[in-house]
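# mind looking at a prediction? Sequence and model below.
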Amino acid sequence: MSRDHEIPLGTLCEVKAGPSGSLLDNLHEGPDGVPVISPPDLTDDHKVDTRRLRRVPWDGAKRLSRFSLREGDILVVRQGTLGRLALVGAEHATWFYGSSCLRIRPQRDRVLPEYLVSYLSYPPVQRYMLGQSIPGTVPSLNSAMLNELPVTVPPLDRQHAVVEALADVDARIRIQRQMADRLEALRPAIFGELIQGVRRT
């Protein structure tokens, strides 16, 4: 990975590890309380899957306030499935994140959250991060490692251009996938019609 014009992540963002397990002893799957985002809730397309969220009771939320999320934060898995990450949307603001995640809070006047998500998910960067992880039964990252991660930071106008270009690519990918899904669903019906045509001849 090239190091030209790179800045350590820690000078662009605040990196904070999730709460200790003891602060999350009362997690439950009921409808009441504040949601807590964990690694299984981070999707391959860098979003938060809200279908299986666990929650912390309202009366335990106050002691977790320093682990609350804001729109534009980025969550990175720090134990287990390293490299998985997600961008926090407005709908997730004030939620919490689990002990197996790291929260990255970008300085928006220097780096766009959307650009940083794309940078951190770029395969050479992913390989670099995994190469820096602590080996063991469960590989892990920590705040110090992410703080030292070199980040290529172009001017904000170029970051905007990169984000817009990638958004266009993502839109095209979604359209192609939808078309492929429709064709896959139609395939049995087409086969059935072709078989019936053969039987009639």
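Arrived safely.
# only C-alpha atoms from now on, for both contacts and neighbour counts.
Will do.
# from P57, how far out is the residue nearest to the spatial centre of the chain?
For the chain, the residue nearest the mean C-alpha position is A86 (1.5 Å; Cα atoms, centre = their mean). With distances taken as Cα to Cα, to the nearest Å, A86 is found 24 Å from P57.
# how does the protein divide into domains?
Residue ranges for each domain of the chain read 6-153, 154-201, as given by automatic domain parsing.
# and the longest one, end to end?
Right, the one you point to is domain 6-153. End-to-end distance of domain 6-153: 6 Å, with Cα to Cα as the criterion.
# which parts of the chain are helices?
If you assign secondary structure with DSSP state H, the helices in the chain sit at 9-12, 113-120, 123-132, 143-148, 156-200.
# who are the packing partners of the fourth one?
Here helix 143-148 touches helix 9-12, strand 13-17, going by 3 or more Cα pairs under 8 Å, 6 or more residues apart in numbering; DSSP states H and E.
# give the residue spans of this structure that score low on pLDDT.
Using pLDDT under 70 as the threshold, the predicted model of the chain has low-confidence ranges 1-4, 137, 197-201.
# span of stretch 53-71 from start to end?
Distance between the two ends of stretch 53-71: 18 Å, counting by Cα to Cα.
# contact partners of that stretch?
Stretch 53-71 has contacts (Cα atoms under 8 Å, 6 or more residues apart in numbering) with 18-19, 23-24, 26-38, 41, 88-97.
# show me which positions of that stretch end up buried.
Of the residues in stretch 53-71, those scored as buried under the neighbour-count criterion (16 or more other Cα atoms under 10 Å) are 53-57, 60-61, 64, 67-70.
# could you flag which of the contacts of stretch 53-71 are buried?
Members of the contacts of stretch 53-71 that pass the buried threshold by neighbour count (16+ other Cα under 10 Å) are listed as 18-19, 23-24, 27-28, 33-38, 41, 88, 92, 94-97.
# hang on, the earlier thing: now the helices and strands packed on helix 143-148 as TSV including distance to H160 and mean neighbour count?
Shown next, in TSV, are the helices and strands packed on helix 143-148 (distance: least, Cα to Cα, whole Å; neighbours: other Cα atoms under 10 Å):
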stretch	distance to H160	mean neighbour count
helix 9-12	17	19
strand 13-17	18	20
